[in-house]
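> Build me a model:
(2 chains)
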Number of protein chains: 2
Amino acid sequence: MASLSANKKHKVTVVGSGNWGSTIAKVVAENTASHPDLFEKEVQMWVFEEQVEGRNLTELINEKHENQKYLPGIPLPKHVIANPSIEDAVKGSTILVFNLPHQFIIAQCRQIKGHIEPYARGISCIKGVNVGDGKISLFSETIGRELGIYCGALSGANIANEVAQEKWCETTIAYDPPPVDSQAPTPAKTPPNGTPASSQLDLTKLDQHKDVSGLPSKVKLKPLPAEFHPIDHVTIKTLFHRPYFHARVVSDVAGVSLGGALKNIVALAAGWVDGLGWGDNAKAAIMRVGLLEMVDFGKRFFGKTIQTKTFTEESAGVADLITTCSGGRNHRCAKMSVVEGKSIAEIEERELNGQKLQGVSTAEEVNNFLKSQGLEKEFPLFTAVSQILKGEAKYEDIPKLIESETSDAFA
Amino acid sequence: MASLSANKKHKVTVVGSGNWGSTIAKVVAENTASHPDLFEKEVQMWVFEEQVEGRNLTELINEKHENQKYLPGIPLPKHVIANPSIEDAVKGSTILVFNLPHQFIIAQCRQIKGHIEPYARGISCIKGVNVGDGKISLFSETIGRELGIYCGALSGANIANEVAQEKWCETTIAYDPPPVDSQAPTPAKTPPNGTPASSQLDLTKLDQHKDVSGLPSKVKLKPLPAEFHPIDHVTIKTLFHRPYFHARVVSDVAGVSLGGALKNIVALAAGWVDGLGWGDNAKAAIMRVGLLEMVDFGKRFFGKTIQTKTFTEESAGVADLITTCSGGRNHRCAKMSVVEGKSIAEIEERELNGQKLQGVSTAEEVNNFLKSQGLEKEFPLFTAVSQILKGEAKYEDIPKLIESETSDAFA
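Purely as a prediction, here's the structure:
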């Protein structure tokens, strides 16, 4: 696959080693072994060092080839090398796969800044988007901005343990670095979304973020040296696609990231409708309406880089939504809340061991933002979910709240 | 809503009175009562006369306002009038709603031909398409051709009993009559799909049916007299939309009709994957792949009148697919077949009381057609389902059979 002049192999590092991080390390290590023309076989995996059974977790992983704490029972390829030093793990890598809890992104990026190859490319496997204070930003953007590199995103209808057990599923990878002239790098005229060029999107200033790709470029992307095979869609697919983990590569980083966040709002409504015993058709209707509001949200606030089909045709969109509305915990807790006549907060406390439902906070943040824009009515399902969470509307009102008597597709 | 000159009301007749027919009669009768400016209140419902408890079914319905045989326990509006004479029921009606078993369509159309208003418009609520002998035709086309009228189609994630109980769901109505000059009717230059202009699609002659709307016009549509309010999308929505039955009106008759047929092929694969215990993500992946093959099938064989979004965004597409892959009988029997290690034929015989699974015959017919076109490989999931049904492949092979290692969206 590599061209004649491209004789230098890509070194891959996975930054993070939790349940999903260890799983992704297994996936990519299987592929680096299968494609020795493209990749160095060894995959570095940064592990936050901790003591397990009185020993360092990294030593245990490198000895047993298993992450006994976060992915027990799953053999890891022997060439996944656990490394407690993040600076050492990323050294010389051209492809950095980020898979760590989102609250650690900035700190870890600052720790490796200056230690990475300036021409490295990133893929964020961190689900969702960062919502808060009237702003929405993509984790891939945070990484890109902090490190001055391009970072794409991976998301899909994936559960780490199932992927680790090689139960078949699909995923979507969005990767769309701006064109870089390898001889004389210049800032891309229209850098796509997810590039370091874009600062945090301030959703309180609607006009300024209509098009993510139109934000002023602050960082010039470093071109990959010519001796490397380009890191293009085929290379990315080759790194992640397995017989049990079918990967599709697209260009819409914002769409792939938003799908993983907004689906949780829809899952609450689907859970309520299920709890009311309204049947599969009502639930499918909620999902359909929710999917269209997800598309609309993306198009309005992330501009023209968003593609409808990322939501309606890809694993990160419709498939992840279907799964989340079937067995996810937002759906499950919302259903319980109706069946047992208890508030969602009571159910959260009982079921989630101190954790919170992502759908609840996302619904509130999205509603605050929509309200600030005067756009609540344009997103009747998102708004209904927020109203129900606040006790301002009842579950049973959902059909009425989202009913459109006159305006329509009329396609 | 009616214009000043449009003072004549539409008379609505429902042709058919089974479970779904009686339900739709209830829905439209509620709306004729709510919109006296547009519709005559009385709704005629043609009933195939039979004896129930020693009495005529029509008499029972008109006395008890309930169809005790096919929709027991559901009160019908008193202005639904059961009529044993199909010729009399359709007399003077401008809107004919067809809702009868598909095997009776041709015979009943021939019986009413000459008794209907020549400018009447039809809506077919008959699910699916007619597949056989290398041909696929829409039931709306059959009706249109037989009667020389325009006929649209209604389909969605609907179960008659749930709609009758007013459990909320959505539906899609496709209606796109060709423009007719009311002064001097001429055949439309590009009659849309579902018009009587199109004869049965011969799928063995690919070039001839690339575009349904491009088929030569055989019948000139009669214009609706000017004293009637136009039968447009708003009128159609007003007739079918209820607080518990949200209707969206689109123009893609072929897409709406195909969705209701092809989904059953996908549901078999979803059932098998469920039976294997592969989890929600694998099932969601099957549905996603199936949805895209449905779109591709429509686009290739029904030409440019097909819209992707009919499948990916409407109730007749994605929502009906989700429901069918959750609780439908194709899914249920396919799952049993894997769990119990029995052939689908054995399960059919035990579970369906002599009936057959629609997915099985549709999968075979679609496969025969794809084979005749040399296009089996372009539809890997449809082909895999057919191979598994024939014993030529195993359930477990599905991921491999639909795997795309190189070609991709790469959008």
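
> per-residue confidence for A:Gly214?
A:Gly214 carries a pLDDT value of 30.

> count of neighbours near the residue nearest to A:Val97 when sequence neighbours are not counted?
Using CB to CB, 6 or more residues apart in numbering or on different chains and skipping residues adjacent in sequence, the residue nearest A:Val97 is A:Val14, 4.6 Å away. Backbone N, C-alpha and C define where each C-beta goes, glycine included. Using other CB atoms under 10 Å in any protein chain shown, A:Val14 is surrounded by 33 other residues.

> got the buried residues for the host helix or strand of A:Val14?
Element membership for A:Val14, per DSSP states H and E: strand A:10-15. For strand A:10-15, the neighbour count (16 or more other CB atoms under 10 Å in any protein chain shown) marks A:10-15 as buried.

> And it, what does it pack against?
helix A:19-34, strand A:39-46, helix A:86-90, strand A:95-98 (3 or more CB pairs under 8 Å, 6 or more residues apart in numbering or on different chains; DSSP states H and E).

> could you redo the last one with a cut-off of 10 Å?
helix A:19-34, strand A:39-46, strand A:80-83, helix A:86-90, strand A:95-98, helix A:105-112, strand A:121-124, helix A:233-240 (3 or more CB pairs under 10 Å, 6 or more residues apart in numbering or on different chains; DSSP states H and E).

> Nearest to A:Gly303 among the ones you listed would be which one?
A:Gly303 lies closest, by CB to CB, to one member of the helices and strands packed on strand A:10-15: strand A:121-124, at 19.8 Å.

> Any stretches of the stretch 251-400 of chain A with poor pLDDT?
Across the stretch 251-400 of chain A, nothing is flagged by pLDDT under 70.

> all helices of it, in order?
A:253-275, A:280-302, A:308-313, A:320-327, A:329-340, A:344-351, A:358-372, A:380-389, A:398-401 (DSSP state H, counting those that start in this stretch).

> Within the sheet, what are the partner strands of the strand holding A:Val14, with directions?
Strand A:10-15 sits in its sheet next to strand A:39-46 (parallel), strand A:95-98 (parallel), going by DSSP bridges.

> Could you export those as TSV, including mean neighbour count and mean pLDDT?
Below are the strands paired with strand A:10-15 laid out as TSV (neighbours: other CB atoms under 10 Å in any protein chain shown; pLDDT from 0 to 100):
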stretch	mean neighbour count	mean pLDDT
strand A:39-46	23	98
strand A:95-98	26	98
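
> how about those strands in TSV, adding distance to A:Gly144?
Shown next, in TSV, are those (distance: least, CB to CB, whole Å):
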stretch	distance to A:Gly144
strand A:39-46	18
strand A:95-98	10
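
> which one of the ones you listed lies closest to A:His241?
Nearest to A:His241, of all these, is strand A:39-46, at 13.1 Å by CB to CB.

> And that closest one, how far out from the chain middle?
Taking the mean of its C-alpha atoms, strand A:39-46 sits 22 Å from the chain's own mean (CA atoms, centre = their mean, to the nearest Å).

> relative to helix A:19-34, how tilted is it?
160 degrees (axes from the mean of the first three to the mean of the last three CA atoms, to 10 degrees).

> re earlier: how about the helices and strands packed on strand A:10-15 in JSON lines, adding distance to A:Ser337?
Converted to JSON lines, the helices and strands packed on strand A:10-15 look like this (distance: least, CB to CB, whole Å):
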{"stretch": "helix A:19-34", "distance to A:Ser337": "27"}
{"stretch": "strand A:39-46", "distance to A:Ser337": "39"}
{"stretch": "strand A:80-83", "distance to A:Ser337": "41"}
{"stretch": "helix A:86-90", "distance to A:Ser337": "41"}
{"stretch": "strand A:95-98", "distance to A:Ser337": "34"}
{"stretch": "helix A:105-112", "distance to A:Ser337": "32"}
{"stretch": "strand A:121-124", "distance to A:Ser337": "32"}
{"stretch": "helix A:233-240", "distance to A:Ser337": "37"}
